[in-house]
Each structure stands twice: as structure tokens, then as C-alpha cells.
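Undergrad: sharing a sequence plus its predicted fold:
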Number of protein chains: 2
Amino acid sequence: MERTTYCGLVDETYLGQEICLKGWVQKRRDLGNLIFIDLRDREGIVQLVFSHEFNEEALKIADDLRSEYVIEARGKVVPRGEGANNPNMKTGKIEVEIHEVHLLNKAKTPPFYIEDGINVSDDLRLKYRYLDLRRPEMQQSLILRSKITTSIHKYLEEEQFIDIETPYLTKSTPEGARDYLVPSRVYPGHFYALPQSPQLFKQLLMGAGFDRYYQIARCFRDEDLRGDRQPEFTQVDLETSFLTAAEIQDLTEGLLKRVMKDVLDIDIELPLQRITWNEAMDRFGSDKPDIRFGMELIDMAAAVKDVDFKVFQNVLQNGGQVKAITVPQGADKYSRKEIDAKQEYLKRFGAKGLAWLKVTADGFSGPIAKFFKDSADQVKQAAGAHTGDLILFAADTRKVVADSLGYLRTSIAKEQGMIDEAKFAFLWVVDWPLFEYSEEFHRYIAAHHPFTMPNEEDVQLLDTDPHKAHAQSYDIVLNGYELGGGSIRIHQRSVQEKMFKALGFTKEKAEQQFGFFIDALDYGFPPHGGLAIGLDRFAMLLTHKDNIREVIAFPKNSKASEPLTNAPSTVAQKQLDELHLETTEEE
Amino acid sequence: MERTTYCGLVDETYLGQEICLKGWVQKRRDLGNLIFIDLRDREGIVQLVFSHEFNEEALKIADDLRSEYVIEARGKVVPRGEGANNPNMKTGKIEVEIHEVHLLNKAKTPPFYIEDGINVSDDLRLKYRYLDLRRPEMQQSLILRSKITTSIHKYLEEEQFIDIETPYLTKSTPEGARDYLVPSRVYPGHFYALPQSPQLFKQLLMGAGFDRYYQIARCFRDEDLRGDRQPEFTQVDLETSFLTAAEIQDLTEGLLKRVMKDVLDIDIELPLQRITWNEAMDRFGSDKPDIRFGMELIDMAAAVKDVDFKVFQNVLQNGGQVKAITVPQGADKYSRKEIDAKQEYLKRFGAKGLAWLKVTADGFSGPIAKFFKDSADQVKQAAGAHTGDLILFAADTRKVVADSLGYLRTSIAKEQGMIDEAKFAFLWVVDWPLFEYSEEFHRYIAAHHPFTMPNEEDVQLLDTDPHKAHAQSYDIVLNGYELGGGSIRIHQRSVQEKMFKALGFTKEKAEQQFGFFIDALDYGFPPHGGLAIGLDRFAMLLTHKDNIREVIAFPKNSKASEPLTNAPSTVAQKQLDELHLETTEEE
């Protein structure tokens, strides 16, 4: 039997036709001499009807069918009986009277229902991933992900990008995250590393003159896992020669517009907002602001400068900031206890307290309200606050203020349903600091990576005050997530050497890890720059999921293992011997 | 300056226009007050002219330019002077009078010329791969490869395939080639393996109901390298549910036709020839016959049955074969010494000798001609031989005969220029034996892999005579290379278990290595099958190269190392400690 169409696509246009379908039994309802089967494939579900009126033999077979059996069936498309239409299904107005059916494979009873919204542990879902993936929401998520990549391939080809594969077995350059290593059999004691990104190779491809490169590339990082991290993840990686940062952003916007249109039929308006990192921190307290809602950070220094509240005065005298967010009608929504809980949470950002005022018809209420008697009007005005609002203050260093209010802004917006979840709000954050201070390493590290070009006027700072330099870098943000990022790269040896020096590399260390690349810069590298977009995260956001596992066919669990195959696993001694390896004792 | 177009694309349609170009200095010819620069980018070369008549400053800068310097230049497109046209170049009728030029980056003198046909060691090319890749033939090869993948994405999307990524960190199942291992940091003594192919995952995706899957997937095999092998390689991997082998072949033919048209503008005629493995071995002595030429193997048993030549008689009496190929006008082309050299070579196939006859006007010449006096006519007729031809015989078991004559057929065709190198001859070889005898392991192993479905009527042979079974498998062959292969897979647990048993797996071993997959077959797997095409080899053949390194941006050398980055390399002790590993002493 040759299949006519997918189950989920059979609608009224097929009425009267004899069709053949193949799929899985979703549900069987047995009314004795009439059996209904919901048959499922990747496109959806259709209702089959078996009766001795249509075919005796088929009815007999239908009697033995159970959930998840695989069948092929031939029959005629007819309208459903009076009142039996299901308006929620594309196939809801028809059913198929079955004349012939064959059982293709039986199935044991699955450990969970093949339907959306199941409440099952992640590890059970992953162990039976082939069943989990049968659920319509998983099918649709992976199909949508595939549509994203299709759209990307088409757009980038039209823009004359060349799809070039870079190696997965490459050199370990452990700057940043931990590498996954691959022992060499041929060279004892030597290891390949799986790439954390194709960064150096794509830059070498610009040196090689390919002008526009892209790749949908797997990347690997051996880090401790978090909600939206996986040991392996996928990025849309691109690089161009001779373009400015703004031109690369334009190209990327074209890509995003195309994907949103192709995949969700949503028109996004270009150009996207581009704000500097400084502005993002000032207005949103975040380098990846969610701009689907307002409640921006307000500088209250001027409004509170005469208020006799020591905490604020001390901070301001020490060059700190006093800023606030105003929660519309928040006064009744947050009790003192709830605000205290938030204050507790803020300690992780280094905040020493959380000052607040509730706006009443005749001034403020709250423990510090008394200090604001004389300045109520000017404070209200500065905070844009009205009766019933809640004003939350942070008074501290710029970083603590930004982290605290940035967190409060988004957590409260979520709690209060201030976010239009159907909206997709893109935004560029540009002009990042070149370095950031690492609490882990007690030194400055590259904010993006060591190949990022400083702003023209900041190149000289590399020798003197590197941490003051800003970079020709840009992140693309979607709904408060970092969707991707990129930069103009260093294309001159002298600048690259300064950069490594500023990062604390000795000449020897730079040479040992990146010598091949520094040397390459001697041979006529063009100005170049690019960007990488996190494909998993992109797919996650477009499917409204909250974990990238939901858009990866076979992800690892939160312990980096794979419950289906049981990877990682022990291996034969012979395999280790060939690799010149021993595993060390572990208690 | 914004670039107007690529250097290689400036032709007469630009005449009179002011354009801006960016690229690399290919060549400088200094005529004193007139300087010519060949400027190169990925699309080709254009001639720039500098003169004090056009711009004094530009002329001064041009004076300092050297090979591989990177510049941007603005100027007017004009016709070349009388007699200066170069008909071999798209840009050969024009030149650009430069009004403004900027040096973007300098370059040291490259270690080899940036031009086609250089004679440089492979390792030097790989060490400076970014320069090697600037050479036009490398640019064009990688651009062509990108066109292949673009074409594949488009076709498979139109055919409703879903692009799904499968894991690169997975479980070691060392059946077949050696796995690359990746030590786990989280689980001491445990390892991921890099996949040799996505075989099991794509079958699980069929179990998950995706119906049509594809992926352009990296695969990894830790094998000793040969000319066209690399530690990592790329395959176009696809799998479908509910289709027959013939339907999958049809789909694949559509893909091949589309690629040949999109990439090379060549129309191939469908359907492609499909011959059985038996026929391929009988007619061509090869399971991947090159059908761009004839010189097929001829069964000479009937023609020589009365010839009193012991060697032939013994072989025939013992159930062996006597076959021949006839080299047209080969008698004068091969001396006795040359034929002896071939006989020597054939020993590797187990051949004990190489009988031959030269066809003269009055019979045969050669050491065994005397035995054929009475049968000259019937032997000539059977061999389709004419005066001046050379007949080469193999008399042995079927396998030795096929290997020997298959080798002679192709090596002689190459030597004699019998192959139309411009031709692309595709062919299916179907109905393979399910098992083949492994000299290495002294047992039968799966000819394709353990998941291949036997022919319906051969399933029962699994219990009794497994090596007699043939499979629902098919290889696609191009110009004598195995381009890809696939099969219908086993979708029933009982058959899969029989298969493992026939392969000599104990129940425990099957369970330990493939238990998760065998268990999955319990839950309603559809009939399914698929195919994988070697992308590297495909690109190699379409670019007329003889090594896949020529179509891979950053390949490994023949010792599996990467001279550019020096991978594999030693790593820090800390990295090994974290992975609970020690390297063993080596002398």
C-alpha cells in the first residue's frame, strides 16, 4: 500500500476519496460492532471507523489493536455523523471508513501516555525518548526547529554565504570553559579537543579569503550544567570580511526577520533597537534586557539629594547610585514579608538592603516613609509613581544597583503578569566593555573572547588601562535572553599581541596556545567580524519552552548523562590500552 | 568604503561605472609611472591600473604594495587597451582606473605561491592552510561543496524531510571500526564515544514517528588512514518510515539529479541502473563497478572446457571459475614483463597466476597459446576478441576471479585512457549478502551493519545458514566509488535478536551493547529504512579531485594530525586530573 497523505492532513478536501494512511493507534473506542481508532502520525490525528458494514476482516483486526500499534489502513473519507464534529482538529469534520487494514508492528504498553502535558520525571522521558518524542508538542518543537535551520540555510545562501565545515577534532586551548578531550591512539599522551566554538577556524577562513562563511556547528563545553546548558549545543556561526559592526548587525537582522516570517509568519520591524551596554545597564540593570515591558530603572539621586536618610546620603557621597523601579499598583500586591524575602534574595548580588515606599493618597507608607515627608512630591514625580504604586530603591555601587533592580524588574514583571508572552522583542546591546573582572580568577578576562577588537580610540588603552576599553562587540537579545553575540575581530598581529598581554598571557603562553593563529595574522588578514546565534535557545524561545532540552532530540540530563543509551559508560580495557590510558583510582 | 561587487565579477556590464573593490594583491607590474595590480577575491581576479593621470596619491601607495597585501580601491571601469584583452578571464576585457586606494593589511611573503597547480608538500599546505585555501582551485572546491549542501537542504526540505541533530557525545558500541572516546569528568572511568554514524539515533527517530529524517552529520572513526579516509568525515544521513527499498532509491535518485543540476548543470537520466550484487561481481568483479567503460568480465568456462590446459581444467573440476577480460588492441601495449608485474600484484588477492593470450592474425601468441590451437575460434568468439587484442584470464574461486579481473579491468582502463573523465556514471548495487567473512576476526560479520533487514524469504536462514542470506540493502556507486549505501532496517525485536545471534553475540553482550535499542523495538517501531551518502567523497568526485582532503577546509594529514594547530597535543596535568586519567608509560 502506498500512503496517500499524512493522517493529520486529511480534511474535507478528501471527502469521497479512497485513501491510505499509516501511523500509530492513539486510542481505540469499541462500541461492539463499531470500532473507532484515532490514528496518529507526525502531522496529527485522524479518526478511522471500522464496521462489519465496511469490512468484516478489518473490524476483526481492529478488535485486537492496542495503543501504539503500527498499522496501515485503506478507506473512504466521509463526513462525521451529526454533532460528532471536532472543531479543534484539522481532521475534525471527517472520518475514514476502513476497507482494509494491516498490522505492521505491535507495541508494549508505554510507560507514559503519548500526549501533551504529561507529568513524568525528566529521566523517564529521556530513557524512553523515542516515546516522549512521539508526543505532539515534541514533534512540533523539532519540526519547528528544522524550519528554523531551513530558513537560515536559504537566507544565508541568498546572501552569498558559504557553508564550510570546521574540525571537531582540534587543539585544546583551555581559555574560558573546560574542553572535552579526545585521546589520540597514534600519539601517546596527546589529545584532541572538541571545539567550544569554531572561532579561530572561522577567522582563518576569513584570512583564506572566503569573505562570507557560515556553519550550523556543534559546540562542546565541559561545564557544570544549568537549566539552559548542555554539554553539546548548536550555534549558527557566521563570519564576514570587510564589513562594519553595523553592517553585520543589518545582515543578522535580515536573518532574524526571515526566520520569524518563515517559521511563525510574524513580521518583525527593522531596524531593531540598538542600545549601548552602558544604556542597557542604566535603564534595565541587565546586559540582556527584556523590553517586552517597561518598569525601567530610574536614577533618584537628584530627587533624594536633600532627604535626610543616611543610607542614601552615604552612598551618594561615596560616588554610588540611588535608583528605583516603580511597580504600578504594587502597594497592595506586596506585603512587608514578601518584600523582606526579596531583600534576602538580593544579598547574592551584594545588596545590603532594600528600601521601599508605598504610595498612598497622602504621601508614603513604609518603614522609611518618615524621612520622605518633605520630599514626597519630588520623589513621586521622579519615580513616575501614583497612588497605589510601590517604589523599590537600590542604593549601592553601580553594579550592585544594576544587578538588584535588574533582578527585581524581571521577577516582579513575571509575578505580576506584565509580560506579553506572545511577543518577540529583539534588541541589540552594543559597545561592551572589552574586559570583565572575574571573581573566579581574580583578574580581568575577555568579556567576549580574546579576539575581539577594541573600539578604534580604545586600542591605546590596551597598554595603559585595558579595563577601561570598550569593544566593537554586540549581543542580540530576545525576550531577556542572550540569543547570540559577536564582534569585529582583531586582524593585526600587533593588536592581538597587546590583547594577550593585557589578559596576562606571557609571550610563551600566548605562543604555545595561539601561536599558529598569531603567526597567521602576518599573512594579510582582512578586517573581519561575525556573530554566533544559539540555535537551541532560539528554538526554545520560538516554541515558548523554558529549557533547551525540549528542542533537542536526544539531550543529556542535568548530570550530563544520557539515560537512553547510558552514556557515558565504561569501556573495554583494550580500548584504554590502545589509547595509552589508565583511569585513576576513585573512592 | 562600501564594496560594489567582487573582483572576479567585474565585466563589461560595469563599463563607465565608479566601483569599489576589496581584496588581495595577486601580482604587481611596475612600469614606472604606470602600475598594474591584479586584485584577487574569492570570485576571481581583476586588473587595477594606477597612474598619476588618475590619482597621484594612489600611485604612491601602489608603489609599496606587495603580494597578499589587503587593500580597498575605488575607480572607474574602462575597456582594456588595444590587444590587451584576456579572453580566459571573465574580467579580461576591462580594467579599473584607480582614484583612491587604502592599505588594509600588510603580508609577509607566503611560503608558496597563491596559485593553482603548486608543487608543495601536503604538510606545508596544511600548516599554512589559510594560504593554501586562497588558491583558486581550493576556493572553487569549497564553494562547490557548499553548493552541494545547499542543494541537498532544498531538495530534502521539499520532500518533507525534517533536519534533526543527533548527539556527538554518545555511547561506545565498538562493533566495526574503533571509536574515538571522550572521558567524562563527572563519572570517573566512564567515557562518551563520538559516533561512527547516527545509525541507531536515526532509527530511534523513526520509532519516534518523525517519518522522514535527515542530517548532514559528522562521523568519527579511529582507523588507520588511507587516501580517502579522515578521522572525521561528513555524511548526508537520511531515514524514512513505511517506504520500500525501491522507493528510497527513487527518492535518492531525485536528490542526486537535483544536486547534479544545481551544482554542475548536468542532467542525469533517471531511473539509474540497478543491478544486484551478484551481477556486479559477475560482470565487473567489483561491488562498486565503474561503468564509464566496458571491458566486462566474460565467463569462459564453456569456451575452454575442452582445452587441454591443466590449470583451467582443475579449477573447473573443483567448481571454480574461468573468466577473462579482453583488452582492445592490448597485445602491443603490454609486454610480457608488464603482464608479469600485474601477475605479481594479483597475488594479494590470492591469485596463483595470470594466464593470457595475445590475438594475432593467425591465432594466439603467448606462453599458453599452444594449448589453444584447436579452440582459437571459439575462445576468440567467446571473449569478443579481435586481432591485436589481449585476453587476460583468471581461473580460481569466484572471489579470487572477481578481485583479480575487477582490479585488472579498472587499472588497465586507467592506463589506456579508456575512461571518459568528464562523465558521471551512477549505479545502484542492490541485494547484498547480509554477512561477509572477516579474515581479521575469523568469523562472519555484518556486510553493512547489524540492523540491516534480510530479504523477506531469507529471514529463516538466520537460524540455519545465515551466510547465505541476502539483505534489503543498496549501495549507490559513482565512477567506481561507493558514494553511499543504505538498507531497509530490522524493525522487529525477534528478527533483531536472531541477527545478533547469527553475528555471534551472546545474549549478554547484545544486551550490554544494544539493549536499549532492542528494548525500543518493543514499542511499535514502523518499518523503516534509509541511506547515507559520503559528502566528502561526493564533493571530491564532482571536483575531479583524487583525495577528500582537497574538499575539506581543515583536514588531518595521513597521520591523523593537523599541522596548522598541531592537534593532537599534550594537555595540562590539571585537565587529566579532572578527567581521572593517567597516560601510561611509553618507550
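TA: Sure thing, it's come through. Numbers count the residues shown, from 1 in each chain, chains lettered A, B, ... in the order given.
Undergrad: residue contacts, the residue nearest the centre of chain A?
TA: The residue lying closest to the centre of chain A (C-alpha atoms, centre = their mean) is A:Arg537, at 2.1 Å. A:Arg537 is in contact with A:228, A:481-483, A:548, counting by C-beta atoms under 8 Å, 6 or more residues apart in numbering or on different chains. For glycine as for every other residue, the C-beta is placed from the backbone atoms N, C-alpha and C.
Undergrad: mind running it again at 6 Å?
TA: A:Tyr481 (C-beta atoms under 6 Å, 6 or more residues apart in numbering or on different chains).
Undergrad: quickly find the element holding it.
TA: Using DSSP states H and E, A:Arg537 sits in helix A:535-542.
Undergrad: domains in chain A, by residue range?
TA: Chain A breaks down by the TED database into domains covering A:7-105, A:147-273+A:426-573, A:293-416.
Undergrad: please name the nearest non-neighbouring residue to the one residue in the stretch 51-200 of chain A that gets nearest to chain B.
TA: When scored by C-beta to the nearest C-beta, the stretch 51-200 of chain A has A:Ala107 as its residue closest to chain B, at 3.2 Å. Spatial nearest neighbour of A:Ala107, excluding adjacent residues (C-beta to C-beta, 6 or more residues apart in numbering or on different chains): B:Gly524 at 3.2 Å.
Undergrad: next: A:Leu9.
TA: Nearest residue to A:Leu9 in three dimensions, chain neighbours excluded: A:Glu43, at 5.2 Å (C-beta to C-beta, 6+ apart).
Undergrad: look up phi and psi at the one you found.
TA: Main-chain torsions, A:Glu43, degrees, to the nearest 10: phi -90, psi -10.
Undergrad: state the pLDDT value of it.
TA: pLDDT for A:Glu43: 96.
Undergrad: same question for A:Val327.
TA: Looking at A:Val327, the pLDDT reads 98.
Undergrad: burial measure for it, as a count.
TA: Number of residues near A:Val327 (other C-beta atoms under 10 Å in any protein chain shown) recorded here: 25.
Undergrad: could you verify my assumption that it touches A:Phe393?
TA: No. Using C-beta atoms under 6 Å, A:Val327 makes no contact with A:Phe393, being 12.0 Å away.
Undergrad: on that earlier part again, what comes up buried for the helix holding A:Arg537?
TA: A:535-542 (16 or more other C-beta atoms under 10 Å in any protein chain shown).
Undergrad: what does the helix or strand following that helix rub up against?
TA: Remark: after helix A:535-542, the chain's next helix or strand is helix A:573-578, criterion DSSP H and E. The contact list for helix A:573-578 (C-beta under 6 Å, 6+ apart) reads A:Arg185.
Undergrad: ok, whichever helix or strand comes after helix A:573-578: who's next to it in the sheet?
TA: Moving toward the C-terminus from helix A:573-578, the next helix or strand (DSSP H and E) is strand A:581-583. Strand pairing for strand A:581-583, using DSSP bridges, gives strand B:581-583 (antiparallel).
Undergrad: what sits closest to A:Pro198 if chain neighbours are left out?
TA: Excluding its sequence neighbours, the residue lying closest to A:Pro198 (C-beta to C-beta, 6+ apart) is A:Thr166, at 4.2 Å.
Undergrad: pLDDT at that neighbour, what is it?
TA: As predicted, A:Thr166 sits at a pLDDT of 98.
Undergrad: helices or strands next to the helix with the most length in chain A in the packing?
TA: In chain A, assigned by DSSP state H, the helix with the most residues is helix A:136-158. Applying 3 or more C-beta pairs under 6 Å, 6 or more residues apart in numbering or on different chains; DSSP states H and E, we find helix A:136-158 packed against helix A:245-264, helix B:136-158, strand B:162-163.
Undergrad: returning to what we had before: redo the buried residues of helix A:535-542 as JSON lines? Include pLDDT.
TA: Shown next, in JSON lines, are the buried residues of helix A:535-542 (pLDDT from 0 to 100):
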{"residue": "A:Leu535", "pLDDT": "98"}
{"residue": "A:Asp536", "pLDDT": "98"}
{"residue": "A:Arg537", "pLDDT": "97"}
{"residue": "A:Phe538", "pLDDT": "98"}
{"residue": "A:Ala539", "pLDDT": "98"}
{"residue": "A:Met540", "pLDDT": "97"}
{"residue": "A:Leu541", "pLDDT": "97"}
{"residue": "A:Leu542", "pLDDT": "98"}
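Undergrad: which residue sits closest to A:Gln47, ignoring its sequence neighbours?
TA: Using C-beta to C-beta, 6+ apart, the nearest residue to A:Gln47 is A:Glu95, at 4.3 Å.
Undergrad: correct me, but the one you found touches A:Ser51?
TA: No. A:Glu95 is beyond contact range of A:Ser51, at 11.1 Å (criterion: C-beta under 6 Å).
Undergrad: coming back round to it: tell me the angle of the helix holding A:Arg537 relative to helix A:136-158?
TA: Orientation note: helix A:535-542 sits at an angle of 120 degrees relative to helix A:136-158 (axes from the mean of the first three to the mean of the last three C-alpha atoms, to 10 degrees).
Undergrad: what's the angle from helix A:535-542 to helix A:245-264?
TA: Using the same axes, to 10 degrees: helix A:535-542 against helix A:245-264 is 60 degrees.
Undergrad: who touches whichever residue of the stretch 451-587 of chain A sits closest to chain B in this structure?
TA: Chain B sits closest to A:Gly524 of the stretch 451-587 of chain A, with a gap of 3.2 Å, by C-beta to the nearest C-beta. Taking C-beta under 6 Å, 6+ apart, we find A:Gly524 in contact with B:24, B:68, B:70, B:105, B:107.
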